[in-house]
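Novice: sequence unavailable; structure follows:
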DNA sequence: CTGAAAGCGCTTACAG
DNA sequence: CTGAAAGCGCTTACAG
C-alpha cells in the first residue's frame, strides 16, 4: 500500500500538503490540489484509516460500534441493516459484536470496541442496569441505546412503544373471547419485557378480566426457551386458549412445540407474536404479530449517534416508534 | 483512557518494559512483571488496539474482515456466527460488511477493510471473477472464500458440495414421479448456482428424463426475486409440479407467492429448498430442504484464515462440506 | 533483564 | 498557501 510519503514524493510537495488535500482543506491552491489528486489516482493511494484514527482529534466519525444481543433474531438483523445503511451512505465503518445474551461476551466487545477507538456506540444493553454500557456513557463516549434503555442513567434511546404494542395484541385476543392467555416472555431484567408485561396487564384491566400471573413465563429470549416454555404451557391442566410470545425466536420455538404435538392453530390454540417477520405469511398458519420497524430503528439510531458525536452535550433524546398489529390467521374467536 | 506512559510512571519502569509485560515477553523478570501488572490493574489499563495495529509487524491477528452478500439470509447469519465464535475464543475483533448484492458496496467495504489494516479477510465474493477480491489475494493479504470460490485464481475456500446437494434434492423429486421441475436460481455468475444447476441436470440424466432449460430461472438471490419468479412459474401454461429454489430467501419468496394464490403445497405443487432454516418445521407445510452447515462453514473459514495468516505461502486449501437432505412435508409423490 | 530511540502513517498547530 | 516538526500510543531492534 502506498502512503502519504509516496504521494508527496510523486507530486513534489510535503506530506502535510497531501494530508490537506485528502481532508479537503480549502487553503490548498487549486493547482497544488490537482497535482496531488493526480498522484493519488496514479498511485491508487488510500489513506490508512488506522493511522487516521490514532492521530485524529477532530471527530471525523469513521468507526461506529454496534453491539447486539442476538444476531439470530431477524429483528436485530433489520436493526443492523438500518445502521449499516446509514453508515454506508456516510462512509463509516461498523464493527459489530453479537453477544448472544452472554454478559461476559458483551463486556469483552465493549472493551474491544473502546480499544478500537470507536467514535460512538449503538447498543442494546443486556439489561437495564448494564454497568458496561453505563461506564461508556459516563466516560462521555457517544452512546445510543436501541430497543431498550438504561434504568439508572440518562442516555439516548430509540425504541418502540412496547407497552402499547403488547396491549394491542392482548386487546385483540381478549376481544376474541380469550381469557386464559399465556405470555412467553424474555427475562424481566430487560426493560423491554417489563413494558410488554405492562401492556399485557393493562389489556386485562380494560376488559375486566382478572390477570393471572401463573400464565406469565419469563426466561431467555431464544428459540430453545420458546420451545420449552411452550411445551410446559401445552401440558398445563387447564390449557390456555392463546399464547402471546415475546419475540421472534420465542414465537418460532413455540410454533415448533405446538406443531410437534400436532395441536391445531388457531382451532385449538391461538398465538400472536411480538415482532413480525418477512415470511410470517408463509408460516403455518400465517402468523398474527406485532410489527416493529427494525430497519428504521437502526437507521434512526445511527443518525442520533451522529448528532451525539457532533454535540456531546445536548440533551439526551428518547425516540419512541410505533408498532403495528398485523392480524393474519393464527388467532381466532372462541366461545 | 490511561496509556502505556501512565502505567510506566505508576510502576517506575520504561514504557518498553510495560509493553513487554503486555505481550508476555518471557525476558521480563518475575518481579518487574508483577509490579507492572499491579499498575495495569490499578489504572484499568487496556492497550489501544489502534496503536497496536498501526505499529505491529508481527501477525498478532487482532482484526478480521468479513464481507457477505446478504445478512438477511439466515444462512449467512449462521456463517457470521461461526466466524464470530472462533474470533471470540481467540480474542479477535471482526469487522463486517454486508454488501447486499451491490458490487459497488462490496468494493467500498473491501477498500475500507484494507484501510483498516485487517489481518485477513473472509468473503463470499459477489461472483466468480470478483476483481476486488482477486486484488487482495494478489497483494498477499490472507483471504478465505466462503460459499463460493474465485474462478480465475487460486484461493482458500470452504464451501459445500453444491452439485451433490442439488442432485439429492432433484433425485428425490424425480423419484417421486415429478418430471416438470422448475429451478429458481440465483445469478449464474455466482459459481454456487452453476454447481447447483449441474447437480440439477445430473439428476435428470440419471432418471432418463429430458432436461428442459425453459424451467430454469436465474435472477437475484433475494426474497423479491423468489416471489416474482414463482409467480411467473405458477402462471405457466403447463405448470411444473415441483419447484427447487436455490436459497433460503428465494424459497421464502416462492412460498409467499404460492400461498397468495392459495395453491396447496404439496397437493398442487411440491417445493424443496436449498438451505434449511431452524423454523422450517413451522412453515406451511414443513419444508423439505437441503441443509448446509453454515455455522461450521464460518468457523472453519476463520480457522483456515488463521492458518493462512501464520503460513502465507502454504498450499491453498479447498474444504468441501457435506449437505444433508431434510425430507419434511412440502414434497409428495405424484402420478 | 531493561531503557532510549526510532518509527508505523497520519494530522495539526506553528511559522513563514 | 506550504513545509518542518511534534505527536497519537504503541512495538522492537539495539545497546548495555
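Specialist: Now that the structure is in, tell me what you want to look at. The model shown is predicted, which means the values in this text are computed figures rather than measured ones.

Novice: list the residues that contact residue A:194.
Specialist: Residue A:194 makes contacts with residue A:188, as judged by CB atoms under 8 Å, 6 or more residues apart in numbering or on different chains. All C-beta spots, glycine's among them, are computed from the backbone N, C-alpha and C.

Novice: is it in a helix, a strand, or coil?
Specialist: Following DSSP: H, G, I helix; E, B strand; the rest coil, residue A:194 is assigned to helix.

Novice: could you measure from it over to residue A:186?
Specialist: 10 Å (CB to CB, to the nearest Å).

Novice: what of residue A:7?
Specialist: Distance of residue A:7 to residue A:186, computed by CB to CB: 53 Å.

Novice: likewise for residue A:267?
Specialist: Relative to residue A:186, and taking CB to CB, residue A:267 is found at 28 Å.

Novice: neighbour count: these two, which is higher?
Specialist: Shown here are residue A:267 and residue A:186; by other CB atoms under 10 Å in any protein chain shown, residue A:186 has more neighbours (24 against 10).

Novice: give me phi/psi at that one?
Specialist: Main-chain dihedrals, residue A:186, degrees, to the nearest 10: phi -80, psi 180.

Novice: got a list of what it touches?
Specialist: Listed by CB under 8 Å, 6+ apart, the contact set of residue A:186 reads A:192-193, A:218-221, A:225, A:246-247, A:250.

Novice: from the residues you listed, which is closest to chain B?
Specialist: Among the contacts of residue A:186, residue A:250 lies closest to chain B (CB to the nearest CB), at 11.7 Å.

Novice: what sits closest to that closest one if chain neighbours are left out?
Specialist: Of all residues not flanking residue A:250 in the chain, residue A:226 sits nearest, at 3.5 Å (CB to CB, 6 or more residues apart in numbering or on different chains).

Novice: tell me where chain A has strands.
Specialist: A:63-68, A:93-98, A:120-123, A:143-146, A:156-160, A:181-186, A:216-219, A:242-245, A:270-274, A:288-291, A:318-321, A:324-326 (DSSP state E).

Novice: kindly reformat those strands as a markdown table containing distance to residue A:38 and mean pLDDT.
Specialist: Below are those laid out as a markdown table (distance: least, CB to CB, whole Å; pLDDT from 0 to 100):
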| stretch | distance to residue A:38 | mean pLDDT |
| --- | --- | --- |
| strand A:63-68 | 29 | 93 |
| strand A:93-98 | 27 | 88 |
| strand A:120-123 | 35 | 96 |
| strand A:143-146 | 41 | 97 |
| strand A:156-160 | 43 | 97 |
| strand A:181-186 | 57 | 97 |
| strand A:216-219 | 63 | 96 |
| strand A:242-245 | 61 | 98 |
| strand A:270-274 | 57 | 97 |
| strand A:288-291 | 52 | 97 |
| strand A:318-321 | 46 | 97 |
| strand A:324-326 | 54 | 97 |
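
Novice: give me whichever of those strands is most buried.
Specialist: strand A:242-245 (a mean of 30; mean count of other CB atoms under 10 Å in any protein chain shown).

Novice: contacts for that strand?
Specialist: By CB under 8 Å, 6+ apart, the residues outside strand A:242-245 that reach it are A:166, A:169-170, A:173, A:176, A:178, A:180-184, A:200, A:226, A:230, A:233, A:251, A:254, A:269-274, A:331.

Novice: can you list the strands that that strand pairs with?
Specialist: strand A:181-186 (parallel), strand A:270-274 (parallel) (DSSP bridges).
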